[in-house]
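**Q** need a 3D model of the sequence below.
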Amino acid sequence: MANLHNVFEPQSYSEAKGIPKWEQAMEAEFQSLQKNHTWTLSDLPTGKKPISCKWLYKVKYKADGTLDKYKAHLVARGFSQKEGIDYETFAPTAKMSTIWLVLALAAQFSWKVHQMDVNSAFLNGDLQEEIYMMQPPGFKVADQEQKVCRLVKALYGLKQAPRAWYMKIDKYLTDHGFQRSPSDANLYIKHIGDDILFVVVYVDDLIITGSSAHLIHGIKQDLASEVLAYFILQVILYCFFTCFRIVNGYTLKAFL
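**A** Numbering: from 1, shown residues only. As a prediction, this is how the structure comes out:
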């Protein structure tokens, strides 16, 4: 297992180029960007300056430390953006006390807990600003190399990316009958008859639990089609703790 943690992580596109695993990871990310209609190619308007972009590479590991996957992220170099002109940044974050409370309720009532990790979370928020970006290294369109990407949706690295994502997931949940908790803007609650459903949003992770397995299945399927999320059933990996499903409830184990 120790050798797995020595897997080479490139520091630039030139280092990743020619390595099949990393080329596949970049291709998967690029296809995700295309599927999300993240940008359109256009000529750069007079007076506009495009921001640059770069690839970041990370090896992901499972809870037991074994290799999970190779992940490549296309990141916009948003350091050239000007606050108040190019972006607004505020986006709330779930409180750890809220997460613990929801998991404690699940343990008390033997509810199943589901994690949904949103693929390319920051890609899903719609942009209001007019932002242009250079084409990604290794993926410039033939015969259109001089064109730039006009961003339609938020991208990793943009200053407003977290806010754009939060606004999108907030609208989706409230449109589907969830109410935002007055004590935590990232806790959403839905009552249907005698059943209750909780969704906690923490950046690009969603924690879903409640009294009805049928309702949980429904919201998972809806989210998977709407925000390109995938789920991990009955095992939660989250910040400072892990939560293991057992026969008659949950065991909460904290990592200090």
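**Q** residue boundaries of the strands in this structure?
**A** All strands of the chain, identified by DSSP state E, fall at 39-42, 53-61, 67-76, 113-118, 132-133, 148-151, 179-181, 184-192, 195-202, 205-210, 229-233, 235-238, 241-246, 249-254.
**Q** out of these, which is the most enclosed?
**A** Comparing these by mean neighbour count (mean count of other C-beta atoms under 10 Å), strand 205-210 ranks first with a mean of 23. From N, CA and C alone the C-beta is placed, and that goes for glycine too.
**Q** got the contact list for Y57?
**A** 9-11, 16, 22, 25, 70-73 (C-beta atoms under 8 Å, 6 or more residues apart in numbering).
**Q** apply 7 Å and report the result again.
**A** 9-10, 16, 22, 72 (C-beta atoms under 7 Å, 6 or more residues apart in numbering).
**Q** beta partners for it?
**A** For Y57, the beta-bridge partners under DSSP bridges are A72.
**Q** next one: it from E29, what distance?
**A** Distance, Y57 to E29, by C-beta to C-beta, to the nearest Å: 10 Å.
**Q** and for these two, which residues touch both?
**A** With C-beta under 7 Å, 6+ apart as the test, Y57 and E29 both reach A72.
**Q** just the endpoints, please. Distance across stretch 148-157?
**A** In terms of C-alpha to C-alpha, to the nearest Å, the two terminal residues of stretch 148-157 are separated by 17 Å.
**Q** point out where this protein drops to low pLDDT.
**A** The model of the chain has pLDDT under 70 over residues 1-5, 63, 78-92, 119-124, 226-256.
**Q** now with 80, please.
**A** For the chain, the stretches with pLDDT under 80 are 1-6, 62-65, 78-93, 116-126, 128, 159-165, 203-204, 223-256.
**Q** and stretch 166-185, what's buried?
**A** By neighbour count on 16 or more other C-beta atoms under 10 Å, the buried set for stretch 166-185 is 166-170, 172-173, 178, 184-185.
**Q** kindly export that stretch (C-alpha atoms) in CSV.
**A** Taking Å, rounded to 0.1, in the frame of the first residue of the first chain, the C-alpha atoms of stretch 166-185 are listed here in CSV:
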residue,chain,number,x,y,z
TYR,A,166,-24.2,27.4,-4.4
MET,A,167,-26.8,29.5,-6.1
LYS,A,168,-27.5,26.6,-8.6
ILE,A,169,-27.9,23.9,-5.9
ASP,A,170,-29.9,26.2,-3.7
LYS,A,171,-32.4,26.9,-6.5
TYR,A,172,-32.6,23.3,-7.4
LEU,A,173,-33.4,22.1,-3.9
THR,A,174,-35.9,24.9,-3.1
ASP,A,175,-37.6,24.4,-6.4
HIS,A,176,-38.1,20.8,-5.4
GLY,A,177,-39.9,21.5,-2.2
PHE,A,178,-36.9,21.7,0.3
GLN,A,179,-36.8,24.5,2.9
ARG,A,180,-33.5,26.1,3.9
SER,A,181,-32.9,25.8,7.6
PRO,A,182,-32.9,29.2,9.4
SER,A,183,-29.9,28.0,11.5
ASP,A,184,-27.7,26.8,8.6
ALA,A,185,-28.2,27.9,5.0
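**Q** from here on, count from 34
**A** With 34 as the first residue, the last one maps to stretch 199-218.
**Q** follow-up on the earlier one: of the contacts of Y90, grab the buried ones for ChimeraX.
**A** Entered in ChimeraX, the line below selects the buried ones among the contacts of Y90, by 16+ other C-beta under 10 Å:
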select :43,49,55,105
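**Q** among the contacts of Y90, name the ones in helices.
**A** Within the contacts of Y90, residues falling in helices by DSSP state H are 49, 55.
**Q** sorry, back to before: format the strands of the chain as a markdown table; extra columns: distance to V135.
**A** What follows is the strands of the chain, written out as a markdown table (distance: least, C-beta to C-beta, whole Å):
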| stretch | distance to V135 |
| --- | --- |
| strand 72-75 | 36 |
| strand 86-94 | 25 |
| strand 100-109 | 25 |
| strand 146-151 | 8 |
| strand 165-166 | 38 |
| strand 181-184 | 34 |
| strand 212-214 | 10 |
| strand 217-225 | 7 |
| strand 228-235 | 5 |
| strand 238-243 | 6 |
| strand 262-266 | 16 |
| strand 268-271 | 10 |
| strand 274-279 | 10 |
| strand 282-287 | 11 |
